[in-house]
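> Fold the following for me, if possible:
(one chain, ligands or ions: 2)
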Amino acid sequence: MGFNMRYLDLKRKIRDARMWAIQGITEAGSGHPGASFSAAEIMGTLYFRRMRHDPSNPNWSERDYFINSKAHSAPGFYSALAVAGYFQPEELRTLRQLGSRLQGHPVRYSEHQKHHSVPGIEYSGGSEGIGLSVGVGIALAKKLDGKKNRVFILIGDGESNEGQIWEASMAAGKFKLDNLVTILDRNRIQQDGFTEDIMPLDPIKDKWTAFNWEVFEVDGHRVEQIVDALNKAGQVHDKPVMIIANTVKGNGIRHMANNPQWHGKAPPKRQTEVLLEELESECLIAPSIIAGERENYEDKIRKVEREGVDMIHLDVMDGRFVPNTTFFADTIKKLRRLTSLPFDTHLMIENPLENIQDYIDARCDIITVHAEACTENEFREIQERLIDNGISPGIAINPGTYVPKWLYHCLHNLDVVIVMSVNPGSAGQKFMPEVLDKMIVLNKQLRQNGFRGYIEADGGIDATTLQQTYDAGARIFVAGAAVYGGGDIHGAVIHLRHKAEVALERRLLNHATQLNIRADWMKARKHILIPYANELRIEEELHAIR
Ligand code: DX5
Ligand code: ZN
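Ligands and ions are numbered 1, 2, ... in the order given. The predicted model follows:
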């Protein structure tokens, strides 16, 4: 994927940014959660991965610029800056308060403005439609000076009603500003309605193309697609680049998503903990392509990509660590051309250190090796090399194994722990329920010792065991036979997602009950809970709530 992606670490940082933003908003009792959340992946990918910038030296002359033109996403913008290292995230709790540096609309930082702004903010926003012009000015100046700085601008779709956007767009085309990338947060909501009702923008892609821009379109919540588009943008010459990021306003909190009501409203403070839990509970589904009919891997990947799965799980078996042989790095290299979906590679091989370079070169996004197959020193070396190459490192343990003591020295940079719930070797085996207790204990112990990565459940995951492993702390779910074993891949993926959602809703409802805000939560969440009412056994209760 390029530029040191480290997929799971990036996901985690974006999750952290959302969590800080929601704390700021609920504390303040006001703010714009919707726009902050639709742009969370965009800003996160820029700040945590793409841009050349230095939080310890915000005025670095070689830096890339970020202009947050649609300034309504301020809480999300502040939290991205904080997680990137510009200031302590705890300061988000002062959002919009008197005397705080974090006001409702961001203010450009300067010595003179230091009580009203934080280092890193390049542009004072709030009045819509202006940021693109400012960015065009910066980009043009850098180009004329022969400088390498790049300018990234975030604009909103509601904001695109402003005539000045189109004036700036013409100028960027005229001056062939190939050092400028604009990202449109296409969440389709403005103020209290939908953009296409208030002032239609479509065909938006044609409009930007007609203004002489190179246009890419992505799912704005898929970091791998944003990374891909930014990489391509770097190759464009003599034209500015527009990335249309299709997003969902309020994405991350299910009852706020795609609901104009939440454009500028804060959830009540008493719900904060439950909201944080929801943000922390995001789960990823990773089909294992060794399951089902033999080989035909390309076809299997294409089919699940259409269903919106999160990753592809690649089971490498060498016939020594496990009796079976599947495929190796050369196959992964070929499959890599098919998709930008993250590759979650599970190495069931002897001597992983000896072979690790092949899998790095095959551009996997996550590489997991077995604890039973390496020593502490070997694992440390593997981990270091993966991190240097922007790959998420993972460790896997067999059903009969507990994590080795030495792993506790490596938790800081560990992104995943696979807890096997079958003996590795083949797809389609029966889930071993005794693994659940181990997962619960392990999850707790790892967290207590500073692990901030993901627990991945692998082996015999189906609709039932997904919920069980979810409750035990897993957030990545490998599914082989459950996806490819029957005839209906589409139905299978929907079913697994539905079960993950039931597990989430149950968890949040329990949490709300403990906090004595059950009725309150159910009211806020009513339209989300209806499809799960039967499984959650809350039909009557829900019915009584208006
Ligand atoms: C087992 C593999 C698993 C497995 C998943 O050795 O690591 O990834 O194939 O397939 P199911 O879900 O069928 O157990
Ligand atoms: Zn696996």
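> Share the number of residues neighbouring whichever residue of the stretch 351-500 of the chain sits closest to ligand 1, please.
Distances between the stretch 351-500 of the chain and ligand 1 by Cβ to the nearest ligand atom are smallest at Gly480, namely 2.3 Å. C-beta here means a position set from N, CA and C on the backbone, and glycine is covered the same way. Using other Cβ atoms under 10 Å, Gly480 has 26 neighbouring residues.
> swap in Ile290?
For Ile290, the neighbour count with other Cβ under 10 Å is 24.
> can you tell me how far it sits from ligand 2?
The gap separating Ile290 from ligand 2 is 8 Å, by Cβ to the ion, to the nearest Å.
> if we can go back for a sec, am I right that the residue of the stretch 351-500 of the chain closest to ligand 1 is in contact with Glu293?
No. In this structure, Gly480 is not within contact of Glu293 by Cβ atoms under 8 Å, at 12.0 Å.
> related to what we said a few turns ago, in contact with the residue of the stretch 351-500 of the chain closest to ligand 1, which residues?
Pro287, Ser288, Ile290, Ala291, Gly292, His313, Asp315, Ala427, Gly428 (Cβ atoms under 8 Å, 6 or more residues apart in numbering).
> and what of Ala84?
Per Cβ under 8 Å, 6+ apart, neighbours of Ala84: Tyr47, Phe48, His53, Pro55, Gly120.
> re the thing from before, compile the contacts of Gly480 into a markdown table and extend it with columns for distance to ligand 1, secondary structure and pLDDT.
Listed next are the contacts of Gly480 as a markdown table, based on distance: Cβ to the nearest ligand atom, whole Å; DSSP: H, G, I helix; E, B strand; the rest coil; pLDDT from 0 to 100:
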| residue | distance to ligand 1 | secondary structure | pLDDT |
| --- | --- | --- | --- |
| Pro287 | 9 | strand | 98 |
| Ser288 | 4 | strand | 98 |
| Ile290 | 5 | coil | 97 |
| Ala291 | 5 | coil | 97 |
| Gly292 | 9 | coil | 92 |
| His313 | 6 | strand | 98 |
| Asp315 | 5 | strand | 98 |
| Ala427 | 3 | coil | 96 |
| Gly428 | 5 | coil | 96 |
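> Between which two of the residues you listed is the distance greatest?
Maximum pairwise distance in the contacts of Gly480, criterion Cβ to Cβ, is 14.2 Å, between His313 and Gly428.
> the more surrounded of these two?
Ranked by neighbour count (other Cβ under 10 Å), His313 and Gly428 place His313 first, with 28 against 15.
> Check which helix or strand whatever residue of the stretch 101-250 of the chain ends up closest to ligand 1 maps to.
Closest residue of the stretch 101-250 of the chain to ligand 1, Cβ to the nearest ligand atom: Glu224 (20.7 Å). If you go by DSSP states H and E, Glu224 is part of helix 223-233.
> The helix or strand just after that helix pairs with which strands, and in what direction?
On the C-terminal side of helix 223-233, the closest following helix or strand by DSSP H and E is strand 241-246. Sheet pairing of strand 241-246 (DSSP bridges) gives strand 180-186 (parallel), strand 214-219 (parallel).
> okay, the angle between the last one and helix 223-233?
Computed with axes from the mean of the first three to the mean of the last three Cα atoms, to 10 degrees, the direction of strand 214-219 lies at 170 degrees from that of helix 223-233.
> Check the longest one too.
Here strand 180-186 points in a direction 150 degrees away from that of helix 223-233 (the same axes, to 10 degrees).
> Can you show me the helices along the stretch 351-500 of the chain?
Assigned by DSSP state H, counting those that start in this stretch, the helices in the stretch 351-500 of the chain fall at 352-361, 376-388, 435-448, 463-471, 481-484, 489-514.
> pLDDT wise, what is the closest residue to Phe451 other than its chain neighbours at?
Nearest residue to Phe451 in three dimensions, chain neighbours excluded: Leu411, at 4.5 Å (Cβ to Cβ, 6 or more residues apart in numbering). On the pLDDT scale, Leu411 is placed at 97.
> Leu411: how many residues sit nearby?
Leu411, neighbours per other Cβ under 10 Å, totals 17.
> ok, Lys11 to Ile476 distance?
Using Cβ to Cβ, to the nearest Å, one obtains 10 Å as the distance from Lys11 to Ile476.
> So which of the two has more stuff around it?
Ile476 (25 against 21).
> Pull the contacting residues for that one.
Ile476 touches Cys283, Leu284, Ile285, Ala286, Met311, Asp344, Val416, Tyr454, Ile455, Glu456, Ala457, counting by Cβ under 8 Å, 6+ apart.
> How far off centre is stretch 487-507?
Centroid separation for stretch 487-507 versus its chain: 19 Å, with Cα atoms, centre = their mean, to the nearest Å.
> Restrict that stretch to CA atoms and write it as PDB.
C-alpha atoms of stretch 487-507 as PDB (Å, rounded to 0.1, in the frame of the first residue of the first chain):
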ATOM      1  CA  GLY A 487     -23.500 -21.700  -2.000                       C
ATOM      2  CA  ASP A 488     -24.400 -18.200  -0.900                       C
ATOM      3  CA  ILE A 489     -21.500 -15.900  -0.200                       C
ATOM      4  CA  HIS A 490     -23.600 -12.800  -0.100                       C
ATOM      5  CA  GLY A 491     -26.000 -14.200   2.400                       C
ATOM      6  CA  ALA A 492     -23.200 -15.600   4.500                       C
ATOM      7  CA  VAL A 493     -21.400 -12.300   4.900                       C
ATOM      8  CA  ILE A 494     -24.600 -10.400   5.700                       C
ATOM      9  CA  HIS A 495     -25.400 -13.000   8.300                       C
ATOM     10  CA  LEU A 496     -22.000 -12.700  10.000                       C
ATOM     11  CA  ARG A 497     -22.200  -8.900  10.000                       C
ATOM     12  CA  HIS A 498     -25.700  -9.100  11.400                       C
ATOM     13  CA  LYS A 499     -24.400 -11.300  14.200                       C
ATOM     14  CA  ALA A 500     -21.600  -9.000  15.000                       C
ATOM     15  CA  GLU A 501     -24.100  -6.100  15.200                       C
ATOM     16  CA  VAL A 502     -26.300  -8.100  17.600                       C
ATOM     17  CA  ALA A 503     -23.300  -8.700  19.800                       C
ATOM     18  CA  LEU A 504     -22.400  -5.000  19.700                       C
ATOM     19  CA  GLU A 505     -26.000  -3.900  20.500                       C
ATOM     20  CA  ARG A 506     -26.300  -6.400  23.400                       C
ATOM     21  CA  ARG A 507     -23.000  -5.200  24.800                       C
END
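> Any buried residues in it, and which?
In terms of neighbour count (16 or more other Cβ atoms under 10 Å), stretch 487-507 has its buried residues at 489, 492-493, 495-497, 499-507.
> For the residue nearest to the spatial centre of the chain, give me its contacts.
The chain has Lys11 as the residue nearest its centroid, 3.9 Å off, counting by Cα atoms, centre = their mean. Neighbouring residues of Lys11 by Cβ under 8 Å, 6+ apart: Val223, Glu282.
> Kindly report the same for the one 3 residues further on.
Applying Cβ under 8 Å, 6+ apart, we find Ile14 in contact with Ala40, Glu41, Gly44, Thr45, Phe48, Val223.
> Grab the nearest non-local neighbour of the fourth one.
Setting aside the residues directly before and after it, Thr45 is nearest to Ile226 in space (Cβ to Cβ, 6+ apart), at 4.5 Å.
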